[in-house]
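**Q** Structure of the sequence below:
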Amino acid sequence: MKFRMVDRILSWDPERGIRGVKAVSFEEYSLKEPFGGPAALPESLLLQSAFELGAWLLIFSSDFKEGGAAMGWEEAKFVTPVGPGERVLLEVTARADGGGDLLLDATGKVGEREAFYARGLGLRRIPLSELGDPEDYRTLASEIGGLDRAGGS
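**A** Modelled structure (predicted):
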């Protein structure tokens, strides 16, 4: 099963940063209702969205030759829950890139409200062909807007 945790790429700057959106559907199968409280997207899936957006940065920056696999993070704080019908603006910035593994920082906001931030997200560079067919990634990128968004970050 492939998760698709980024619904739209807004802009990206090669090897520097990327902005995107995760929209939380009212029908999201993964919503949780903690102790009878309002439904919210699990924090782990917010973090997954940030990793996925960082992987898109690697894919675009390498012209669909490299992808990324999550390795871990230094710090993550979830400030306010994200509920159905809300859109999270995600921003991922490359902190360090020496051609090896990529270290990223990420934020997520719903409107002006901070939803989460994460520091030191580690992505291991791997050939994109090991993750799947690069042409499939090109097709998905065209659907979520990544191919025409370079330089706007």
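
**Q** Below-threshold pLDDT in the chain: ranges please.
**A** The model of the chain has pLDDT under 70 over residues 1-3, 28-36, 96-99, 148-153.

**Q** give me that answer again for 80
**A** 1-3, 26-37, 96-99, 146-153 (pLDDT under 80).

**Q** residue boundaries of the strands in it?
**A** 8-13, 17-23, 66-72, 75-78, 87-97, 102-110, 113-127 (DSSP state E).

**Q** Make JSON lines from the ones you listed and add distance to Phe60 and mean neighbour count to it.
**A** Bear in mind the C-beta positions are built from the backbone N, C-alpha and C, glycine included. Formatted as JSON lines, those follow (distance: least, Cβ to Cβ, whole Å; neighbours: other Cβ atoms under 10 Å):
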{"stretch": "strand 8-13", "distance to Phe60": "6", "mean neighbour count": "20"}
{"stretch": "strand 17-23", "distance to Phe60": "8", "mean neighbour count": "22"}
{"stretch": "strand 66-72", "distance to Phe60": "10", "mean neighbour count": "18"}
{"stretch": "strand 75-78", "distance to Phe60": "24", "mean neighbour count": "14"}
{"stretch": "strand 87-97", "distance to Phe60": "12", "mean neighbour count": "19"}
{"stretch": "strand 102-110", "distance to Phe60": "13", "mean neighbour count": "22"}
{"stretch": "strand 113-127", "distance to Phe60": "13", "mean neighbour count": "18"}
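
**Q** Since that was my last question, I'll sign off now.
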